[in-house]
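In: Just a sequence and a predicted model for now, questions to come.
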Amino acid sequence: MNAPCLARRGRGIRFANALLGAYRAVMSSDRWRDLSGALAGVCNAFSQDQETHSGFLPRSPAAAEVANEPYADTWGSTPARNANMAGLYLAIVALDQLACLAVLLRSETGHGYGLSAMARSAMEVAARGHYLLDPDVESLERIRRQQNERLVALSEQKRLATTAKSVDANALDARIKEILGSAHRKGLDPRPKAKPPMIAPGPPSATDLINDAVGQGNGLGAIYYQTMSAVAHGREHGITQNFTRQGALLDRTHGDVFGSFGTTPKQAAQSLCGTPLAVFNMLDRLYSRFGWPTNHIQAPAQQMLTVWKAIAAMA
């Protein structure tokens, strides 16, 4: 599958806006290690920035949003702060998964299934962070989005508690009721009978979130997500994408064959490129929203996207 998204300059990633210019990729003869090292470089830079800053900085957009907490209620005394910090937590998870993808790439032996599964997970989490950190929404809308995440989590805990009888389901019901009550008092639209309960409108689908985070709504994100899902779930059209050659005929009458499986660095760079794009569009929003300086992560970000673009043979 072709991967035109790496040839485009995304609307996001302001700290890597020179990546298609004169910046040259520094690569070795080991393309797997190059792909891995490019991801690891950004993961390390983010980890250091997160440890240095911990949360949003003074005079940042996030700090301004949480200054007065006018929406405090039974859903929390600091709901705006919680909503912004939830974006950081999602970023930490996504970058941890990206680091695991880097390990898989470094130890690649020719099979792409583990790569697709990990890349898909990282892309999903990054897309949720991208949605939560949207700079164009007001504080109450950000809170609504984060509270819907909580409602989904509480509903899932209740479902598991009902089966395992390990948690008081009544306590979970009470917490759900508190959140929905706060939403009503703040002029939102609680839907207690929805499954799971939500504050309307409900959370977008994973496909919609990824399509926005990767391709800014042009359909590329959905294509990458559906392709990786097909591979991760063992769907036939996903499995056959990893055929490297045809094997012996199993049924000469119908022409069925058994193929040999594998992938190349070029194929991996093409099929998985939606993941680094989703992660970095999410990071662009995080750094801007939290007021973090980008000087530490700029060079690794440029290097990562340039390396992946070069290996995907899109230059």
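Out: Cool, the structure landed.
In: Just give the nearest non-adjacent residue to Arg145, would you?
Out: Here the nearest residue to Arg145 in space, its sequence neighbours aside, is Leu132; by Cβ to Cβ, 6 or more residues apart in numbering that works out to 5.6 Å. C-beta coordinates here come from the backbone N, C-alpha and C atoms, glycine included.
In: got it, and Gly114?
Out: Taking Cβ to Cβ, 6+ apart as the measure, Gly114 lies nearest to Leu104, with 5.5 Å between them; neighbours along the chain are not counted.
In: so where do the helices sit in the stretch 201-315 of the chain?
Out: For the stretch 201-315 of the chain, the helices defined by DSSP state H, counting those that start in this stretch occupy 206-215, 220-232, 236-239, 265-271, 274-290, 295-311.
In: Need the contact partners of the first one.
Out: Contacting residues not belonging to helix 206-215 are listed as 5, 123-124, 126-128, 130-131, 204, 217-222, 224-226, 274, 277-278, 281-282 [Cβ atoms under 8 Å, 6 or more residues apart in numbering].
In: now the host helix or strand of Leu90 against helix 295-311, angle please.
Out: For Leu90, the element it lies in under DSSP states H and E is helix 79-106. Relative orientation of helix 79-106 with respect to helix 295-311: 40 degrees, computed using axes from the mean of the first three to the mean of the last three Cα atoms, to 10 degrees.
In: Give me the buried stretch members for helix 79-106, please.
Out: By neighbour count on 16 or more other Cβ atoms under 10 Å, the buried set for helix 79-106 is 79-88, 90-91, 93-95, 97-102, 104-106.
In: packing partners for that helix?
Out: Taking 3 or more Cβ pairs under 8 Å, 6 or more residues apart in numbering; DSSP states H and E as contact, the helices and strands that helix 79-106 lies on are helix 31-53, helix 61-65, helix 113-132, helix 139-164, helix 274-290.
In: right, and those - which one's nearest Ile179?
Out: If you check each of the helices and strands packed on helix 79-106 against Ile179 by Cβ to Cβ, helix 139-164 wins as the nearest, at 5.5 Å.
In: Could you list every helix and strand that that closest one packs against?
Out: Counting contacts by 3+ Cβ pairs under 8 Å, 6+ apart, the secondary-structure elements packed against helix 139-164 are helix 79-106, helix 113-132, helix 169-185, strand 198-200.
In: Serialize the ones you listed to JSON lines and add fields for distance to Met304 and mean pLDDT.
Out: Rendered in JSON lines, the data for these read as follows (distance: least, Cβ to Cβ, whole Å; pLDDT from 0 to 100):
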{"stretch": "helix 79-106", "distance to Met304": "10", "mean pLDDT": "96"}
{"stretch": "helix 113-132", "distance to Met304": "13", "mean pLDDT": "92"}
{"stretch": "helix 169-185", "distance to Met304": "38", "mean pLDDT": "94"}
{"stretch": "strand 198-200", "distance to Met304": "36", "mean pLDDT": "97"}
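In: Please identify which of the ones you listed is closest to Ile297.
Out: Closest to Ile297 of these is helix 79-106 (Cβ to Cβ; 10.8 Å).
In: Next, the angle from the closest one to helix 139-164.
Out: If you take the same axes, to 10 degrees, helix 79-106 sits at 70 degrees to helix 139-164.
In: between helix 79-106 and helix 274-290, how big is the angle?
Out: Calculated by the same axes, to 10 degrees, helix 79-106 forms an angle of 150 degrees with helix 274-290.
In: coming back round to it: please convert the helices and strands packed on helix 139-164 to CSV, extending it with distance to Ala301.
Out: Converted to CSV, these look like this (distance: least, Cβ to Cβ, whole Å):
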stretch, distance to Ala301
helix 79-106, 12
helix 113-132, 14
helix 169-185, 37
strand 198-200, 35
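In: ok, now which ones touch the residue sitting nearest the centre point of the chain?
Out: Nearest residue to the geometric centre of the chain (Cα atoms, centre = their mean): Ala126, 1.9 Å. The neighbours of Ala126, taking Cβ under 8 Å, 6+ apart as the test, are Leu90, Ala91, Ala94, Ala213, Thr275, Ala278, Val279, Asn281, Met282.
In: Among the residues you listed, which one lies nearest to Gln147?
Out: Minimum separation from Gln147 among these (Cβ to Cβ) is found for Leu90, which lies at 14.9 Å.
In: from memory the closest one sits against Glu124, does it?
Out: No. Leu90 lies out of contact with Glu124 (Cβ atoms under 8 Å); the separation is 10.0 Å.
In: how far out from the middle of the chain is the helix holding Leu90?
Out: 8 Å (Cα atoms, centre = their mean, to the nearest Å).
In: angle of that helix against helix 31-53?
Out: Here helix 79-106 points in a direction 150 degrees away from that of helix 31-53 (the same axes, to 10 degrees).
In: Please work out the angle formed by the directions of helix 79-106 and helix 169-185.
Out: Going by the same axes, to 10 degrees, helix 79-106 makes 120 degrees with helix 169-185.
In: what angle sits between helix 79-106 and helix 113-132?
Out: Taking the same axes, to 10 degrees, one finds that helix 79-106 is oriented at 160 degrees with respect to helix 113-132.
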